[in-house]
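> next come a sequence and a model predicted from it.
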Amino acid sequence: MSLTEIILEDALKHAKKLDHFFKEQGKVIGPLHGVPVTLKDQFNVKGYDSTLGYVG
């Protein structure tokens, strides 16, 4: 397995926002609130590279 984009700092910032929201509102934003995920690089995520799995 290889990773093309590692965005741990962004993930931690987002997790802190979710923690704050939960603390203030007492509810989650959606069914996957706070669940970490990994996406294949074929999915376009704004601000990050995607390759669609093709050799350049």
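Yes, it's here.

> all helices for this protein, in order.
In the chain, the segments counted as helices under DSSP state H are 8-25.

> where are the low-confidence patches of it?
Within the chain, the segments meeting pLDDT under 70 span 1-4, 52-56.

> need the residue closest to the centroid of it.
Ala11 (5.6 Å; Cα atoms, centre = their mean).

> which ones are touching that residue?
Neighbouring residues of Ala11 by Cβ atoms under 8 Å, 6 or more residues apart in numbering: Pro36. C-beta here means a position set from N, CA and C on the backbone, and glycine is covered the same way.

> make it 6 Å
Shown in contact with Ala11 (Cβ atoms under 6 Å, 6 or more residues apart in numbering): no residues.

> ok, now how distant is it from Gly26?
Taking Cβ to Cβ, to the nearest Å as the measure, Ala11 and Gly26 are separated by 23 Å.

> check Asn44 too.
34 Å.

> which of the two has more residues huddled nearby?
Each of Asn44 and Gly26 has its neighbours counted (other Cβ atoms under 10 Å); Asn44 has more, 11 against 7.

> might one say that that one is in contact with Ser50?
Yes: Asn44 is in contact with Ser50 according to Cβ atoms under 6 Å; the separation is 5.1 Å.

> mutual contacts of those two, please.
Jointly contacting Asn44 and Ser50 under the rule Cβ under 6 Å, 6+ apart is no residue at all.

> please consider this matter closed, and thank you.
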